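Compute the structure for the input listed below.
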Amino acid sequence: MIDIADLDIRFGTNHAVRGISFRVAPGETFGLVGESGSGKSTVLRAIAGLITEWTGRMALDGKELGRRRDRAFFRTVQMVFQDPYGSLHPRQTVDRILSEPLAVHGVPDADARIARALEEVALPRTARFRYPHQLSGGQRQRVAIARALIADPRVLLLDEPTSALDVSVQAEVLNLLADLRAARGLTCILVSHNLPVVAHLCGRLAVMQGGRIVEVLDEASLRAGKALHTHTQDLIRLSHAMEERVA
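Next up is the predicted model:
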């Protein structure tokens with residue numbers, strides 16, 4: 001479904017992404033993991049069409065992607081951002097937020113689709129005419145997920161979707177994403193610095209450092225601690241240390 005080859009991105013003198021390549025099969029959830037500044041979110045934004053200055057090759061479902069994307073692409077590919085408060089218009093109600101993508105893509109039966117979207121993400125009907133500041137962080141992220149899915153995309157790009165949430169809410173949102181992915185047959189790319197989050201959702205993951213992919217491993221190898229690259233091993237050790245500290 002997604003084919004990335006020799007993707008290279010520069011911002012002036014900053015060489016953010018250095019010739020990375022990976023493929024994501026239809027229905028697969030693929031993880032991009034790394035420390036802050038490793039280039040993982042930059043890759044996701046380039047796939048989403050939010051970064052237009054890149055070299056290399058990107059293809060979606062066998063079709064080459066150019067630097068500018070058409071409306072059909074944005075109906076097929078949607079993104080959930082890290083900060084739900086920042087990604088939702090503060091002066092729009094949930095109803096207006098969910099209505100907008102339906103209007104842009106000419107999707108009929110808006111009222112029924114909005115009601116169904118709220119039900120899918122386990123939000124009460126009363127949330128429909130509230131503003132983002134009237135919702136909790138977890139509820140705001142559920143609205144962002146509903147907005148991303150309301151026009152029935154096939155690909156979902158997830159940029160640290162739980163990192164801005166309380167620990168108590170993170171598991172709920174992760175389980176929701178897992179259920180929606182299975183029910184809809186979505187192809188997903190998840191960006192995170194949190195290895196347990198990636199292990200919960202992803203069958204395979206790529207570890208990034210300094211703009212490069214240094215290792216690709218599957219979820220079983222990650223859980224067993226069978227990483228080969230020293231940076232991946234460091235991330236696993238750090239993850240275990242943080243889990244012990246929380247416990």
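
Where do the strands of this protein begin and end?
2-11, 14-24, 29-34, 55-60, 63-64, 77-80, 155-159, 187-192, 204-209, 212-218 (DSSP state E).

For residue 121, which of these is the nearest?
When the strands of the chain are compared by C-beta to C-beta, strand 77-80 sits nearest residue 121, at 11.1 Å. Placement of C-beta: from N, CA and C, glycine included.

ok, and what's touching the closest one?
Strand 77-80 is contacted by residues 44, 47-50, 60, 87, 141, 144-145, 148-149, 151, 153-159, 161 when judged by C-beta atoms under 8 Å, 6 or more residues apart in numbering.

Confirm for me that residue 19 is in contact with residue 213.
No: contact criterion C-beta atoms under 8 Å: residue 19 and residue 213 do not qualify, at 9.2 Å.

closest to residue 130 out of the strands of the chain?
Here strand 77-80 is closest among those (C-beta to C-beta), at 19.5 Å.

right, so of the strands of the chain, which gets closest to residue 132?
Smallest distance to residue 132 across those (C-beta to C-beta): 14.7 Å, for strand 77-80.

who has more neighbours, residue 19 and residue 213?
The neighbour comparison of residue 19 against residue 213 (other C-beta atoms under 10 Å) goes to residue 213, with 25 against 15.

I'd like the distance from the more buried one to residue 204, if you could.
Distance, residue 213 to residue 204, by C-beta to C-beta, to the nearest Å: 12 Å.

Just the endpoints, please. Distance across stretch 62-78?
Length of stretch 62-78, first residue to last, C-alpha to C-alpha, to the nearest Å: 18 Å.

I'd like the mean pLDDT over that stretch, please.
In this model, stretch 62-78 has an average pLDDT of 92.

what residues are up against the residue nearest to the spatial centre of the chain?
The residue lying closest to the centre of the chain (C-alpha atoms, centre = their mean) is residue 158, at 0.6 Å. Contact analysis of residue 158 by C-beta under 8 Å, 6+ apart lists 79-80, 177, 188-191.

Show the pLDDT at it.
So residue 158 comes in at 95 (pLDDT).

That one and residue 91, how far apart?
26 Å.

again with residue 176
Counting by C-beta to C-beta, the gap from residue 176 to residue 91 is 26 Å.

The two: who's more crowded?
Neighbour count, other C-beta under 10 Å: between residue 176 and residue 91, residue 176 has more, with 18 against 8.

Looks like that one contacts residue 139 (just checking).
No: in this structure residue 176 lies outside contact range of residue 139 using C-beta under 8 Å: 11.5 Å.

show me the contacts for the closest residue to residue 57 other than its chain neighbours.
Nearest residue to residue 57, sequence neighbours excluded (C-beta to C-beta, 6 or more residues apart in numbering): residue 5, at 4.2 Å. Each residue near residue 5 by C-beta under 8 Å, 6+ apart is listed here: 21, 56-58.

Helices along this structure, start to end?
40-48, 71-76, 84-87, 94-104, 110-120, 137-149, 167-184, 195-201, 219-223, 230-246 (DSSP state H).

out of those, nearest to residue 209?
Using C-beta to C-beta, the nearest of these to residue 209 is helix 230-246, at 4.7 Å.

Now that closest one: average pLDDT?
69.

Low-confidence bits of the chain, can you list those?
Applying pLDDT under 70 to the chain flags the ranges 240-247.

what about 50?
Along the chain, the parts satisfying pLDDT under 50 run over 246-247.

Count the neighbours of the nearest residue to residue 115 once chain neighbours are set aside for me.
In space, not counting the residues next to it along the chain, residue 115 is nearest to residue 125; the distance is 7.2 Å by C-beta to C-beta, 6+ apart. Neighbour count for residue 125, taken as other C-beta under 10 Å: 10.

returning to what we had before: so for residue 118, which of the strands of the chain sits nearest?
strand 77-80 (16.1 Å).

I am finished for the moment; much appreciated.
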